[in-house]
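A.B. asks: Need a 3D model of the following:
(chains A and B)
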2 protein chains.
Amino acid sequence: MSPEEFINYLSKNYHVNFDNVDLLKEALTQRNYLNEHPKEKGRDYQRLEFLGDAIMQASVTEYLFKRYPDWDEGQLTEMRITMVQTKSFAHFSQVIHLNEAIRLGKGEEMNGARHRPSLLEDIWEAFIGALFLDQGQQAVVKLLNQTVFAAIDENFFDQFIDFKSRLQEQLQAKGTVDITYNIEDEERNEDNSQVFKVSVALDGRILAYGFGSSIKDAEKAAAQQALVDLSE
Amino acid sequence: MSPEEFINYLSKNYHVNFDNVDLLKEALTQRNYLNEHPKEKGRDYQRLEFLGDAIMQASVTEYLFKRYPDWDEGQLTEMRITMVQTKSFAHFSQVIHLNEAIRLGKGEEMNGARHRPSLLEDIWEAFIGALFLDQGQQAVVKLLNQTVFAAIDENFFDQFIDFKSRLQEQLQAKGTVDITYNIEDEERNEDNSQVFKVSVALDGRILAYGFGSSIKDAEKAAAQQALVDLSE
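C.D. replies: Below is the predicted model:
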């Protein structure tokens, strides 16, 4: 996808405009690409990444602050760490097809850089920096409302949260405790996939159950359910 | 100074308004104050600090990005670290007399918390978060233009920069070098204060001279002068 095609894609699918093509090119250009195209003017994405990193941090912070008026600064910080991280930004780079528009050096292309999470994170931040300069903070929020912020309601960030550690921390706050996970049931679907049922118990008393296609997932689900029950 | 008096001070001296007194009180309230005033409703400053920290980071980032179009991300990052730090924010808290309006617990007051840099940094960030919510980003920039950003032109942040390390890094980039500082002269003023003249030399060849009221300050000034000469 060329930068111009990406601008069309963005306008059509997210109703977000982008005017300055040179600025977008800068956000999409990796250093090695410039080395291989000496006639190309302009810079690589790193200055825009410096800007976009701070814009993302502030945008997510403002959103969480206003969305969760009852959360204290510890809860807000934890949620922000979950949202502002490599895996998250790499995912959203692919969601909006930003990865297809990166201008990569040939060697980097061969090495699979187009799918490398650290590059996809950088490009996401650089693009947000460019969007901020080109269209302002409101356009950034408009795009985030349809991507990063919408993902909260889809429980997208749950996969990055270690619910078992969180349950342990919460229960241990009152003293030493014995937390155990037990497989209660294991079923095989018609397509041969498995479903595990796992219980989590505190000092021998079952707190909650969880289901999952692996024991690990079922344990995580049980811990998450126990946390929900405890917070009620 | 009461929160109301601080609002007047801010309006008179910085032409920055603030409407919501309860929000300002929250930004100025330390946890122990609430413990000692159980009838007082509202929170301590920590949620607003979470917000203001990100707003400061983004505001300084945008300012540096636009002010220094020729700097690369390394130079920008270094300058941001110098500006966004405890000593810096503690200083500006005192400049705008924010420290006089903090609502402190008695024990903390006795312990000198009103002059503790870490508290002054927190309060600066909390106040910026409150100003952002109350008046928007433009008001934040208006205040920063008169304080933190203006201080760049007054070379305020130079005191936080380790010019000797920076000179060493720059010279060593080309290989091992021998950098020496020598006291060239020492004079005593009429008021008995001293002035040192120090030279900095690279492999025995003098690069620059510096003056200062201590040997340390004179060395720093010499390194700074050498960096200026090298960059020309």
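
A.B. asks: Where does A:F196 sit: helix, strand or coil?
C.D. replies: Under DSSP: H, G, I helix; E, B strand; the rest coil, A:F196 falls in the strand class.

A.B. asks: Pull the number of nearby residues for it.
C.D. replies: If you count neighbours by other Cβ atoms under 10 Å in any protein chain shown, A:F196 ends up with 21. For the C-beta atoms, the positions are set from N, CA and C on the backbone; glycine is no exception.

A.B. asks: In contact with the residue nearest to it when sequence neighbours are not counted, which residues?
C.D. replies: Excluding its sequence neighbours, the residue lying closest to A:F196 (Cβ to Cβ, 6 or more residues apart in numbering or on different chains) is A:A218, at 4.1 Å. A:A218 makes contact with A:I183, A:F196, A:K197, A:V198, A:G210, A:F211, A:G212, according to Cβ atoms under 8 Å, 6 or more residues apart in numbering or on different chains.

A.B. asks: Hmm, A:K216 and the second one touching each other?
C.D. replies: To tie it back to what came earlier, the one meant is A:F196. No - if you go by Cβ atoms under 8 Å, A:F196 and A:K216 don't touch, sitting 9.0 Å apart.

A.B. asks: What does the pLDDT read for A:K142?
C.D. replies: At A:K142, the model reports a pLDDT of 98.

A.B. asks: host element of it?
C.D. replies: Take DSSP states H and E as the rule and A:K142 turns out to sit in helix A:137-146.

A.B. asks: now that helix against helix B:137-146, angle please.
C.D. replies: Counting by axes from the mean of the first three to the mean of the last three Cα atoms, to 10 degrees, helix A:137-146 lies at 130 degrees to helix B:137-146.

A.B. asks: for the record, mean pLDDT for the next helix or strand after helix A:137-146?
C.D. replies: Once the chain leaves helix A:137-146, the next helix or strand it forms, by DSSP H and E, is helix A:150-153. For helix A:150-153, mean pLDDT rounds to 95.

A.B. asks: which residues touch helix A:150-153?
C.D. replies: A:R67, A:M83, A:F92, A:F157.

A.B. asks: in the lengthiest helix in chain A, what's buried?
C.D. replies: As assigned by DSSP state H, the longest helix anywhere in chain A is helix A:46-67. Buried residues in helix A:46-67, counted by 16 or more other Cβ atoms under 10 Å in any protein chain shown: A:46-65.

A.B. asks: what about the residue nearest to the spatial centre of chain A, is that helix, strand or coil?
C.D. replies: Chain A has A:S88 as the residue nearest its centroid, 1.7 Å off, counting by Cα atoms, centre = their mean. The three-state label given to A:S88 by three-state DSSP is helix.

A.B. asks: and A:F89, what pLDDT?
C.D. replies: 97.

A.B. asks: for A:A173, same thing?
C.D. replies: Value for A:A173, per-residue pLDDT: 82.

A.B. asks: For it, give its distance to chain B.
C.D. replies: 19 Å (Cβ to the nearest Cβ, to the nearest Å).

A.B. asks: before we move on, what about A:D72?
C.D. replies: Using Cβ to the nearest Cβ, A:D72 is found at 7 Å from chain B.

A.B. asks: Now A:N32: closest residue in space that isn't a chain neighbour?
C.D. replies: Spatial nearest neighbour of A:N32, excluding adjacent residues (Cβ to Cβ, 6+ apart): A:G105 at 2.6 Å.

A.B. asks: Can you say which helix or strand has the residue nearest to A:F196 in it?
C.D. replies: A:A218 belongs to helix A:215-231, assigned by DSSP H and E.

A.B. asks: Just to check, A:L144 is in contact with A:S59?
C.D. replies: Yes - counting by Cβ under 8 Å, A:L144 touches A:S59, with 5.9 Å between them.

A.B. asks: and chain A, what are its domains?
C.D. replies: Taking automatic domain parsing as the criterion, chain A consists of the domains A:3-160, A:163-231.

A.B. asks: most packed of these?
C.D. replies: Highest mean neighbour count of those: domain A:3-160, a mean of 18 (counted as mean count of other Cβ atoms under 10 Å in any protein chain shown).

A.B. asks: Check the offset of that domain from the chain's centre.
C.D. replies: Relative to the chain's own centre, domain A:3-160 is displaced by 11 Å; criterion: Cα atoms, centre = their mean, to the nearest Å.
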